[in-house]
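Novice: Build me a model:
(one chain, ligands or ions: 1)
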Amino acid sequence: MDGGQGNDAQGLFRIAYDSVVALPFGEAGESELRRMMETARQRNAESGITGVLRFDGAYFLQVLEGPRAAVEETMARIRRDPRHTDVRVLSAGPLERRDFAEWSMVLVTEAEMAAARQRNPDLLEVYPFRTAEVVHSLRGVLGGDRD
Ligand SMILES: Cc1cc2nc3c(=O)[nH]c(=O)nc-3n(C[C@H](O)[C@H](O)[C@H](O)COP(=O)(O)O)c2cc1C
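Specialist: Next up is the predicted model:
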């Protein structure tokens, strides 16, 4: 993510979307997901994007933050990815500061969500279209010490 930090002064942008996992991806399972995360982290680090991807086995929810052009270009690529369908942008707009600055992309799994729910049942009761709540919830799941 280092590449983009310097661009923050020019204005940050954030897109949040959700989508439905496509069957080929579901069948390929865990290893496909790990591979996809590797690609995402590498590409995002190059273009100054940070964010989070929540996957519960059926739906994705992703937050991308960074310089506007990079975020939009990445979103366009993600949209075309056949590993998911029904991409629905929940919000897109300027951002004052990054919420996931530590991660070029961090995965939040169903297991992590379940564990977080045990600790704090309110944490994940959010409406997906309320991006501020989603961000707060996912930050709560991640805590401050994940790599
Ligand atoms: C749910 C989901 C999330 C993704 N997140 C990212 C991401 O954050 N950054 C990224 O570069 N690619 C992400 N990808 C992968 C892109 O769709 C694409 O495969 C990848 O960027 C390589 O693009 P290319 O084959 O056009 O070079 C994601 C794909 C899916 C299905």
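Novice: how close does Val71 sit to Arg80?
Specialist: 16 Å (CB to CB, to the nearest Å). Using the backbone N, CA and C atoms, a C-beta is placed for each residue, glycine as well.
Novice: Just give me the neighbour total for Gly140.
Specialist: Gly140 sits with 14 neighbouring residues when counted by other CB atoms under 10 Å.
Novice: residues contacting it?
Specialist: Taking CB atoms under 8 Å, 6 or more residues apart in numbering, we find Gly140 in contact with 116, 120, 123.
Novice: switch to 6 Å and redo it
Specialist: Leu123 (CB atoms under 6 Å, 6 or more residues apart in numbering).
Novice: Val71 and Arg80: which has the busier surroundings?
Specialist: Legend: neighbour count by other CB under 10 Å for Val71 and Arg80, higher for Val71 (24 against 7).
Novice: And that one, which helix or strand is it part of?
Specialist: Assessed by DSSP states H and E, Val71 sits inside helix 68-79.
Novice: is the ligand contacted by that helix?
Specialist: Yes - Helix 68-79 is in contact with the ligand by CB under 6 Å from any ligand atom, via 74, 77-78.
Novice: So which of those is surrounded by the most neighbours?
Specialist: When neighbours are counted by other CB under 10 Å, Thr74 leads these with 20 neighbours.
Novice: Helices of this protein, residue ranges please.
Specialist: 2-5, 23-28, 30-47, 68-79, 110-119, 131-142 (DSSP state H).
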